[in-house]
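S.K.: Task: produce atomic coordinates for the following.
(one chain, ligands or ions: 2)
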Amino acid sequence: MKIYKTKKGIVVHHKSDFFLSKEANWDSFVNRSNLFQVVIQEIKNLTSDTSLEELTIKDVLAPISSQEIWASGVTYMRSRQARMEESKDAGSGDFYARVYEAPRPELFFKATASRTVGSGQPVRIRKDSKWNVPEPELTLFICTQGTIEGYTIGNDMSSRDIEGENPLYLPQAKSYDASAAIGPCLYVPGSPINPDTMIQIEISSNGSNVFVGEVSINRMKRKHVELVEYLFRETSFPYGAYLMTGTGIVPPDHFTLKAGDEVKISIEGIGTLINTVAG
Ligand code: DO4
Ligand code: MG
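M.R.: Numbers count the residues shown, from 1 in each chain. Ligands and ions are numbered 1, 2, ... in the order given. Here you go, the predicted structure:
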C-alpha cells in the first residue's frame with residue numbers, strides 16, 4: 001500500500017485501486033499503530049476513483065506535516081570510509097571508525113516539514129559550501145508508539161567540506177533550507193521491508209548521467225529496530241517521526257552537485273524521488 005499526500009487530499013493506492021481518504025489531516029491519518037491493517041479496514045468503506053490515478057508529480061507533496069526528520073550516520077562501510085577520508089585533516093577520522101563499531105549509533109536531527117521538499121521540488125546546496133552530495137537513504141516512518149509503520153525515500157543533502165572541516169559543524173552541513181527531500185509516498189507494506197531491497201541513484205547534469213550507484217539495504221551494519229530503539233529512548237514524538245537510515249552510496253571525492261543537476265533516487269517497492277538542485 002502507498003499513501004500519498006497530495007493537493008487533493010490523502011490518496012491511498014492499494015493493489016490497482018486508488019481511494020481518497022475521508023480524513024484530510026496527515027498527522028491523524030498516518031500516526032497510528034498497525035497502519036496497514038487500519039487503512040485496509042477504512043478503504044473497504046470507500047469507492048475507488050480511477051481519476052486519482054492521474055496524480056501527476058505536481059500534485060504530490062512531501063509526505064510530512066508535523067513529523068520531525070532524524071537521520072542515522074555511518075551505518076554502511078562506504079559512509080565510514082568517505083567520512084574518515086574527508087575529515088582526516090581535522091584529525092577526526094577516528095570518530096567515524098569508532099561510531100561504526102560502537103553500540104550507540106550516530107543519530108542527528110535533520111529537518112522539520114518547513115525545510116523538507118517532496119518529489120518534483122528543488123533541493124538546495126548551501127552558498128557557503130563548495131562540496132555537496134545527495135545521500136540516498138531508506139527512511140523509516142515510526143508512529144508515536146515506536147513501531148515502524150512505513151518507509152519512504154530520503155535524500156540527506158550534505159555539505160562534505162563543512163562536515164569534513166570539523167565534526168562539530170555537522171548540523172550546519174546537514175540542516176538548512178531544503179536540505180531534506182522525502183517521497184514520493186509513504187509505503188506501508190504491512191510487514192518489514194524485504195532486506196534485499198535495492199536503493200539506486202542517478203545524477204544527471206545537462207541531460208547526461210554524471211553518477212550512478214546502487215546498494216542493497218542488507219549492507220547496512222545496524223538493524224532498523226536498533227536505530228529506532230535509540231531514537232525513542234528519551235525522546236517522544238507526538239506525531240510520529242521519520243528516520244533516515246544512512247547512506248551506502250557516496251560519489252567519488254571529485255564529484256560535487258551543482259545548480260540544475262537532477263537527482264533521482266529509486267527504492268524497489270516505493271518508487272522514485274526526483275529533485276533538481278536549485279539555482
Ligand atoms: O557522520 C556524518 C553523517 C553521516 C551520514 O549522514 C550518513 O552516513 O548517511
Ligand atoms: Mg546521511
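
S.K.: who's in contact with the residue in the stretch 1-150 of the chain that ligand 2 sits nearest to?
M.R.: Residue nearest to ligand 2 within the stretch 1-150 of the chain (CB to the ion): residue 135, separated by 3.9 Å. Every C-beta, even on glycine, is put in place using the N, C-alpha and C of the backbone. Residue 135 sits next to 155-158, 244, 246-247, 249-250 when contact means CB atoms under 8 Å, 6 or more residues apart in numbering.

S.K.: Now do the same contact list for the residue lying closest to residue 89 once chain neighbours are set aside.
M.R.: Leaving aside its sequence neighbours, residue 89 sits nearest to residue 164 (CB to CB, 6 or more residues apart in numbering; 7.6 Å). For residue 164, the contact set (CB under 8 Å, 6+ apart) comprises 83, 86-87, 89-90, 131.

S.K.: before we move on, the earlier item: filter the contacts of residue 135 down to the ones close to ligand 2.
M.R.: Filtering the contacts of residue 135 for neighbours of ligand 2 using CB under 5 Å from the ion leaves 156, 247.

S.K.: Now the closest residue to residue 86 other than its chain neighbours: which helix or strand?
M.R.: Spatially, and ignoring its direct neighbours in sequence, residue 86 is nearest to residue 164 (3.5 Å; CB to CB, 6+ apart). For residue 164, the host element (DSSP states H and E) is helix 160-165.

S.K.: Following element in sequence after that helix, please.
M.R.: Trace forward from helix 160-165 with DSSP H and E and the next one is helix 170-174.

S.K.: Output the set of residues of the stretch 51-200 of the chain in proximity to ligand 2.
M.R.: So the stretch 51-200 of the chain meets ligand 2 at 135, 156 (CB under 5 Å from the ion).

S.K.: Looking at the contacts of residue 135, which is nearest residue 69?
M.R.: residue 244 (6.8 Å; CB to CB).

S.K.: That closest one: neighbouring residues, count only.
M.R.: 30 (other CB atoms under 10 Å).

S.K.: Isn't it up against residue 75?
M.R.: No: the pair residue 244 and residue 75 fails to qualify as a contact (CB atoms under 8 Å) at a distance of 9.6 Å.

S.K.: Show the model's pLDDT score for residue 85.
M.R.: In this model, residue 85 is scored at 89, pLDDT.

S.K.: er, residue 57 I mean
M.R.: 68.

S.K.: ChimeraX command to pick out the buried ones of the contacts of residue 164?
M.R.: Typed into ChimeraX, the line below selects the buried ones among those, using 16 or more other CB atoms under 10 Å:
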select :83,86,87,131
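
S.K.: near ligand 1, which of the contacts of residue 164 show up?
M.R.: Among the contacts of residue 164, the residues lying close to ligand 1 (CB under 6 Å from any ligand atom) are residue 83.

S.K.: residue ranges of the helices in the stretch 1-150 of the chain, please?
M.R.: Assigned by DSSP state H, counting those that start in this stretch, the stretch 1-150 of the chain shows helices spanning 26-30, 35-43, 77-86, 93-101.

S.K.: and the ones you listed as CSV, adding distance to residue 5?
M.R.: Converted to CSV, these look like this (distance: least, CB to CB, whole Å):
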stretch, distance to residue 5
helix 26-30, 5
helix 35-43, 14
helix 77-86, 29
helix 93-101, 33
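
S.K.: so which of the ones you listed comes closest to residue 189?
M.R.: With respect to residue 189, and counting by CB to CB, the nearest of the helices of the stretch 1-150 of the chain is helix 35-43 at 7.1 Å.
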